[in-house]
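Trainee: got a predicted structure plus its sequence, pasted below:
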Protein chains: 2
Amino acid sequence: MKKINTSPLSGTLELLPRQQLVFDDYKRKIEEVYKHHGFLRIETPTIDRAEVLFAKAGGETEKQIYRIVKTEETADGANEALRFDHTVPLARYTVEHENELDFPFKVSQVARNYRGERAQKGRYREFYQCDIDIIGRDSLAEDYDAEVILTLSEAYNALGLAEKIVRISNRKILAGLLEALNLQEKGTEILRIIDRSEKVTPEKTRGCLEDLAIEPAKIEKILDFCEINGPRKELMQRLQALGVSGEKFETGVAELDRLLKILESFDSCFRGDMRIVRGLDYYTGTVFETFLPAHREIGSIGGGGRYENLVGLYSDKTMPGVGGSIGLSRLFYVLGELGKVEQTTAQQKPLDLAIVPVSEAEVAFALKVAQDYRQKGQIVDVVLTEKKLANKLKYAAKLARQAIVLGEAEVKTGEFQIKEFLD
Amino acid sequence: MKKINTSPLSGTLELLPRQQLVFDDYKRKIEEVYKHHGFLRIETPTIDRAEVLFAKAGGETEKQIYRIVKTEETADGANEALRFDHTVPLARYTVEHENELDFPFKVSQVARNYRGERAQKGRYREFYQCDIDIIGRDSLAEDYDAEVILTLSEAYNALGLAEKIVRISNRKILAGLLEALNLQEKGTEILRIIDRSEKVTPEKTRGCLEDLAIEPAKIEKILDFCEINGPRKELMQRLQALGVSGEKFETGVAELDRLLKILESFDSCFRGDMRIVRGLDYYTGTVFETFLPAHREIGSIGGGGRYENLVGLYSDKTMPGVGGSIGLSRLFYVLGELGKVEQTTAQQKPLDLAIVPVSEAEVAFALKVAQDYRQKGQIVDVVLTEKKLANKLKYAAKLARQAIVLGEAEVKTGEFQIKEFLD
């Protein structure tokens, strides 16, 4: 009889030890790629001042932030809250430690964040995000966009997701188009419509644009624009064919041209795509999202972009940056749905070797033998339960690839055999 | 001008990237030792049901638990809270997943916990704890106590703290003594006095015992008992010289005798010490604490012990266990105070190699060269800032051990030199 409900909270990801091994392996692979690309790890506190966290948040995000309180305090009085992303604490961190950091500051953050969303499949209230950012002081070379995108691409490759597609645009191109069409003041609404356009029918998108009282010719232009995607050469031709001019448009196109040129020399997974806008986020230049073409139904598995100023809310300085994120909890859920996690856990035993002393008399010797094998780098358990030998071996066979049984004779001679468990 | 206070919250440990490298290295070393001893990692959610977390907590701990609420909710209505240790969520986890776990369940947890204490030097509100536990179903062999203590000892060795001392007792010995003295009903108060006896004068301890109206002869016995410590043989003689009999006392002495016999065959850092009781915690057998003899002033740097039943609050089953913990945030603070962190950060550069393209024309080639060296396992940054070459090299020299400068000639010939930075 359970006295208290012991299930983990909805919206949290609690794994069994063998699943955790797979999760940790994914995490480690991502961290290794980030590290080898020269991103320095930081860990900001999970708890932060409410004024810091709420400074950027607005609307939906604000409602999702968890405040922390001690018994008898109320939420309104609470001046501390849980981090909901890595970007806001990073901005605070960069302002606070500016004089102790080297710029460009290449930084990675891999940790759990918290949002009070309604829990759904693959949507968590507590979730791992694996972020990288490069932050400049006053300015930051455009080519760092390539470095961020290449790093994330290699992280996906390390997870066995080389078949991914990275779809890339530049916000300046859309902004330039809207300037040319004299639709700037409807920019936010149009951006939102484009962002959703992939999830609805073309008629619906057209209807939404019509609702904004945009002239039919301009609507056609926007719809044509959304359909522009492909590798660099094709993309550039189609963008030119739009016949749009203006400095912003041309800057955006030139930036995207150079970015794709660099990226395409590495991998064929990169393509331009004007439908990518990254919702209402704070991006101002390059934007990108990653998809698994065989599993379009699961949507984007990560993305990022360039922002003009990270620290505007906390400082009068200007620190432009470019960053991106892999939502690891969500990705793990997705890979689980695809059967990849189960496959790995079934193949893998957590231990290399189990040392099984026959009786209490052999325990000290068993611990010594275990130490020797650990020093050789093996993962070794010593099975000390008082159960019968057959039961000890059953336990060993379940967890380990090999076992060493130690009885009186083995202690005496110091010689023993290694038993291989065949599955 | 800062617009918002950007300092991290008091009671949190926010590190600069180079300090983080050292911290992560410590964490990794502990995790490696745990892993090689066959402890399987789990990560419970940081947020859990209030009823689960408050079930065990009482008094001081309850006041320190952070509840989480969304805006406009109050703390009293909140039914979710932040984990304050690893033991309570582990109990919930073990009950919840019992049928999917292998017992004895050897488990490790390395993550941050939260307590609303008043922040002091080396005392955090958000802190890393690195726990190991071995949990049995119905019973658990006594010798697992040795496995836990040896594992923690090796973890300290891996951190360069081989000069530690592990002081060990068994709660049954004190319980047996109090039985023999017919002082069981004052057990809690006496335990608390012994626990504090090292931090006060002997007269103060005597006074506290007198306040409990204990006969002088019995007080002498308790004070003599507290002074008993040393290696196994000496300890056993002195315990026998006390002249106490009774089953509980003798069981405790026999368990400690066997434990020390095993441990002493590994290392001379282990000793019996009757003053070790581990406060008011839930331990029922072996108890231990680790100290740095050269820094007694900083107190215990970790400890643990055996408990009769982990899951009593959540299940009718009995699951005895033995576990221990390293308080990593506190230990990191202490090592910092001892100058060990600074020493490491000063010696260590975060990057192996910086690739420096002279101009934009060499960027794509530079990214390729970087990729080659990363595939060889090196940590490589590409310096893409638009600054002058001299400034790029200054940045490279600060962060990396070596650099490769790539200009027109290098791209053309594909040949380049590696520049070594000498410090």
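Mentor: Cool, the structure landed.

Trainee: so, in contact with chain B or not, stretch A:368-386?
Mentor: Yes: against chain B, stretch A:368-386 shows contacts by CB under 8 Å from any CB of the partner chain at A:368, A:370-371, A:374, A:377-382, A:384-386. Glycine gets a C-beta too; all of them are placed from N, C-alpha and C.

Trainee: and that stretch, which residues are buried?
Mentor: If you call a residue buried by 16 or more other CB atoms under 10 Å in any protein chain shown, then stretch A:368-386 has these buried ones: A:368-371, A:373-374, A:378-385.

Trainee: just the residues you listed: which has the poorest pLDDT?
Mentor: Least confident entry in the buried residues of stretch A:368-386, by pLDDT: A:Thr385, with 87.

Trainee: in chain A, where's the longest helix?
Mentor: helix A:17-36 (DSSP state H).

Trainee: quick one on the thing from earlier: which member of the buried residues of stretch A:368-386 is positioned nearest chain B?
Mentor: A:Asp381 (3.2 Å; CB to the nearest CB).

Trainee: so which strand or helix has that closest one?
Mentor: Assigned by DSSP states H and E, A:Asp381 belongs to strand A:380-382.

Trainee: strand partners (parallel or antiparallel) of that strand?
Mentor: If you go by DSSP bridges, strand A:380-382 pairs up with strand A:351-357 (parallel).

Trainee: tell me the angle of the helix or strand following the partner strand relative to helix B:17-36?
Mentor: For strand A:351-357, the succeeding helix or strand toward the C-terminus, using DSSP H and E, is helix A:363-375. Angle of helix A:363-375 versus helix B:17-36, following axes from the mean of the first three to the mean of the last three CA atoms, to 10 degrees, is 130 degrees.

Trainee: wait, isn't A:Glu342 in contact with A:Gly336?
Mentor: Yes: A:Glu342 lies in contact with A:Gly336 (CB atoms under 8 Å); the separation is 7.2 Å.

Trainee: looking only at neighbour counts, state which of the two leads.
Mentor: A:Gly336 (18 against 14; other CB atoms under 10 Å in any protein chain shown).

Trainee: assign the nearest residue in space to A:Gly324 that is not next to it in sequence to helix, strand or coil.
Mentor: Excluding its sequence neighbours, the residue lying closest to A:Gly324 (CB to CB, 6 or more residues apart in numbering or on different chains) is A:Gly304, at 2.6 Å. For A:Gly304, the assignment made with DSSP: H, G, I helix; E, B strand; the rest coil gives strand.

Trainee: which ones are touching A:Gly304?
Mentor: Taking CB atoms under 8 Å, 6 or more residues apart in numbering or on different chains, we find A:Gly304 in contact with A:Val148, A:Ile149, A:Leu152, A:Arg278, A:Val287, A:Phe288, A:Val322, A:Gly323, A:Gly324, A:Ser325.

Trainee: one step back: most widely separated two among the buried residues of stretch A:368-386?
Mentor: A:Gln378 and A:Thr385 (20.8 Å; CB to CB).

Trainee: in strands, which of the contacts of A:Gly304 appear?
Mentor: Within the contacts of A:Gly304, residues falling in strands by DSSP state E are A:Val287, A:Phe288, A:Val322, A:Gly323, A:Gly324, A:Ser325.

Trainee: my read: the first one touches A:Ile168, true?
Mentor: Right, the one you point to is A:Val287. Yes: counting by CB under 8 Å, A:Val287 touches A:Ile168, with 7.3 Å between them.

Trainee: shared neighbours, these two?
Mentor: A:Ile276.

Trainee: who in the stretch 251-400 of chain A is up against chain B?
Mentor: Counting by CB under 8 Å from any CB, the stretch 251-400 of chain A comes close to chain B at A:261-262, A:265-266, A:313-316, A:350-351, A:354, A:360, A:363-364, A:367-368, A:370-371, A:374, A:377-382, A:384-386, A:395, A:398-399.

Trainee: okay, the residue nearest to A:Gly324: pLDDT?
Mentor: As predicted, A:Gly304 sits at a pLDDT of 97.

Trainee: and the buried residues of stretch A:368-386, which is closest to A:Ile228?
Mentor: A:Ile379 (52.5 Å).

Trainee: contacting residues around the closest one?
Mentor: A:Pro350, A:Leu351, A:Asp352, A:Leu353, B:Lys35, B:His36, B:Gly38.

Trainee: please redo it, this time with the cut-off set to 7 Å
Mentor: By CB atoms under 7 Å, 6 or more residues apart in numbering or on different chains, the residues touching A:Ile379 are A:Leu351, A:Asp352, B:Lys35, B:His36, B:Gly38.

Trainee: please report how far A:Leu422 lies from A:Leu351.
Mentor: According to CB to CB, to the nearest Å, A:Leu422 and A:Leu351 sit 16 Å apart.

Trainee: which of those two has more neighbours?
Mentor: More neighbours surround A:Leu351 than the other of A:Leu422 and A:Leu351, with 22 against 5 (other CB under 10 Å).

Trainee: the closest residue to that one other than its chain neighbours: neighbour count?
Mentor: Computed as CB to CB, 6+ apart, the closest residue to A:Leu351 that is not its neighbour in sequence is A:Ala400, at 4.0 Å. Each residue near A:Ala400 was counted by other CB under 10 Å, and the total is 25.

Trainee: ok, now A:Gly272?
Mentor: A:Gly272, neighbours per other CB under 10 Å, totals 27.

Trainee: next one: phi and psi at A:Phe270?
Mentor: phi -100, psi 130 (degrees, to the nearest 10).

Trainee: do I have it right that it meets A:Ile168?
Mentor: Yes: between A:Phe270 and A:Ile168 a contact is recorded at 6.3 Å, counting by CB atoms under 7 Å.

Trainee: any common contacting residues for those two?
Mentor: What both A:Phe270 and A:Ile168 touch, as defined by CB under 7 Å, 6+ apart, is the set A:Leu260.

Trainee: contacts only, for A:Gly116.
Mentor: Counting by CB under 7 Å, 6+ apart, A:Gly116 makes contact with A:Gln64, A:Tyr66, A:Arg125, B:Lys70.

Trainee: contacts only, for A:His86.
Mentor: Each residue near A:His86 by CB under 7 Å, 6+ apart is listed here: A:Gln109, A:Asn113, A:Gln129, A:Asp131.

Trainee: pretty sure the first one sits in a strand.
Mentor: When you say that, I think you mean A:Gln109. Yes: applying three-state DSSP, one finds A:Gln109 inside a strand.

Trainee: who's it bridged to?
Mentor: A:Asp131.

Trainee: what's the spacing between it and B:Pro17?
Mentor: Per CB to CB, A:Gln109 is found 11 Å from B:Pro17.

Trainee: then the second one?
Mentor: For A:Asn113, the distance to B:Pro17 under the criterion CB to CB works out to 20 Å.

Trainee: same deal with the third one?
Mentor: Here A:Gln129 is placed at a distance of 19 Å from B:Pro17 (CB to CB).

Trainee: then the last one?
Mentor: Here A:Asp131 is placed at a distance of 14 Å from B:Pro17 (CB to CB).

Trainee: so between the two, which is more surrounded?
Mentor: Each of A:Asp131 and B:Pro17 has its neighbours counted (other CB under 10 Å); A:Asp131 has more, 24 against 21.

Trainee: thought that one was touching A:Ala111?
Mentor: No: the criterion here is CB under 7 Å, and A:Asp131 misses it with A:Ala111 at 9.0 Å.

Trainee: what is in contact with those two at once?
Mentor: When contacts are counted by CB under 7 Å, 6+ apart, the set common to A:Asp131 and A:Ala111 is empty.

Trainee: where does the prediction get shaky in the stretch 51-200 of chain A?
Mentor: Low-confidence segments of the stretch 51-200 of chain A, defined by pLDDT under 70: A:57-59, A:71-77, A:119.
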